[in-house]
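Peer 1: have a look; sequence and predicted model below, questions after that.
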Amino acid sequence: MRKVCYPLAEGRGSLRLEEDGLRITVTVRLPDDRRGLYKAWLTGGGGGELLLGTLLPEGGVLTLRRQMSVDQLKR
């Protein structure tokens, strides 16, 4: 299993990718600033974008977990 963690813009949270065979689990975490809910997007070097979904309150932080195929992520 391969794991990589990236800081989000302005150091406000993190994006973690965990690759396990042909599947990837994406986890996004942000501090809950109580100003609303946020959507998470992945953007690729070629300008492509993938909407991951809406981060939801969980244990004092906003969290999103999504699992997808490696193929789907590459597209």
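Peer 2: Here it is on my side, so go on.
Peer 1: please count neighbours and contacts with C-alpha atoms only from this point.
Peer 2: OK.
Peer 1: let's verify Leu37: helix, strand, or coil?
Peer 2: Three-state call for Leu37 (DSSP: H, G, I helix; E, B strand; the rest coil): coil.
Peer 1: quick check: closest non-adjacent residue to it.
Peer 2: Leu55 (6.3 Å; CA to CA, 6 or more residues apart in numbering).
Peer 1: and the one you found, what are its phi and psi?
Peer 2: Backbone torsions of Leu55, given as degrees, to the nearest 10, read phi -80, psi 140.
Peer 1: find the helix or strand that the residue nearest the centre of the chain is a member of.
Peer 2: In the chain, the residue lying closest to the centroid (CA atoms, centre = their mean) is Val28, at 3.7 Å. Applying DSSP states H and E as the criterion places Val28 in strand 23-31.
Peer 1: and if you look at Leu51?
Peer 2: Going by DSSP H and E, Leu51 is part of strand 49-54.
Peer 1: using PDB, list the CA coordinates for the strand holding Val28.
Peer 2: What follows is strand 23-31, C-alpha atoms only, in PDB (Å, rounded to 0.1, in the frame of the first residue of the first chain):
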ATOM      1  CA  ARG A  23      -8.100   1.300  -5.800                       C
ATOM      2  CA  ILE A  24      -7.300   4.700  -4.400                       C
ATOM      3  CA  THR A  25      -8.800   6.200  -1.200                       C
ATOM      4  CA  VAL A  26      -8.800  10.000  -1.100                       C
ATOM      5  CA  THR A  27      -9.200  11.700   2.300                       C
ATOM      6  CA  VAL A  28      -9.500  15.500   2.600                       C
ATOM      7  CA  ARG A  29      -9.500  17.200   6.000                       C
ATOM      8  CA  LEU A  30     -10.000  20.900   6.800                       C
ATOM      9  CA  PRO A  31     -10.400  22.700  10.100                       C
END
